[in-house]
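Student: model the structure of this input:
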Amino acid sequence: MIYTNDDREYTPIIESWVRDFIATMNDGVLEPGDDSGDTPKGVKIIFDGYGYNEDTDEEDDLNTMSFAVFVHKNSLTEEFPEHEQTPWALIHRPKEEVCIWCWYDENADQVDIIPFEDNNSTELDHKLVSNLIFEIHKRELQ
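Tutor: Next up is the predicted model:
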């Protein structure tokens, strides 16, 4: 399902960013928080964990990976500002950024994007977020 808030479809852009990140990230077993892949200027993507494995009852399905894509309100004009961190996670800033969660299924070569409109991951205006995504994409194409 594709969600839009201004008649433009942003999910293919997020999918392309995640695929580029996956293609360039470190090889091997990843730790949550890994941000070793390539991203557009002003965007941060982190590996968030592996999928649930019914056989082991653990989140160790190496063929299913979760990612968090962050776009900051100043992503068009500045480098992405570093997050404060706790021992177990980074501190998300909903007043300043959006977080878009994605799942990648390696077996199906499929990226599923959880629309930010549905997950309360930002206090930013949704049209502003969409505009940022499209403007960053346009800048990357130049």
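Student: okay, helices next: where are they in the chain?
Tutor: 11-24, 126-141 (DSSP state H).
Student: same for the longest one, what does it pack against?
Tutor: Judged by 3 or more CB pairs under 8 Å, 6 or more residues apart in numbering; DSSP states H and E, helix 126-141 is in contact with helix 11-24, strand 58-72. Where you see a C-beta, it was placed from the backbone N, CA and C, and this is true even at glycine.
Student: make TSV out of the ones you listed and add mean pLDDT.
Tutor: TSV is the format used below for the helices and strands packed on helix 126-141 (pLDDT from 0 to 100):
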stretch	mean pLDDT
helix 11-24	97
strand 58-72	94
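Student: in CSV: those, plus distance to F116 and mean neighbour count.
Tutor: Output for those, formatted as CSV (distance: least, CB to CB, whole Å; neighbours: other CB atoms under 10 Å):
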stretch, distance to F116, mean neighbour count
helix 11-24, 9, 18
strand 58-72, 9, 19
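Student: for these, which one sits closest to A89?
Tutor: strand 58-72 (10.1 Å; CB to CB).
Student: which strands border the closest one, and is each parallel or antiparallel?
Tutor: Partners of strand 58-72 in the sheet, by DSSP bridges, are strand 43-53 (antiparallel), strand 97-105 (antiparallel).
Student: make CSV out of these and add distance to N119.
Tutor: Formatted as CSV, the strands paired with strand 58-72 follow (distance: least, CB to CB, whole Å):
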stretch, distance to N119
strand 43-53, 13
strand 97-105, 7
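Student: JSON lines for these, including distance to I136, mean neighbour count and mean pLDDT?
Tutor: Below are the strands paired with strand 58-72 laid out as JSON lines (distance: least, CB to CB, whole Å; neighbours: other CB atoms under 10 Å; pLDDT from 0 to 100):
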{"stretch": "strand 43-53", "distance to I136": "6", "mean neighbour count": "19", "mean pLDDT": "95"}
{"stretch": "strand 97-105", "distance to I136": "12", "mean neighbour count": "20", "mean pLDDT": "96"}
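Student: with that, I have no additional questions.
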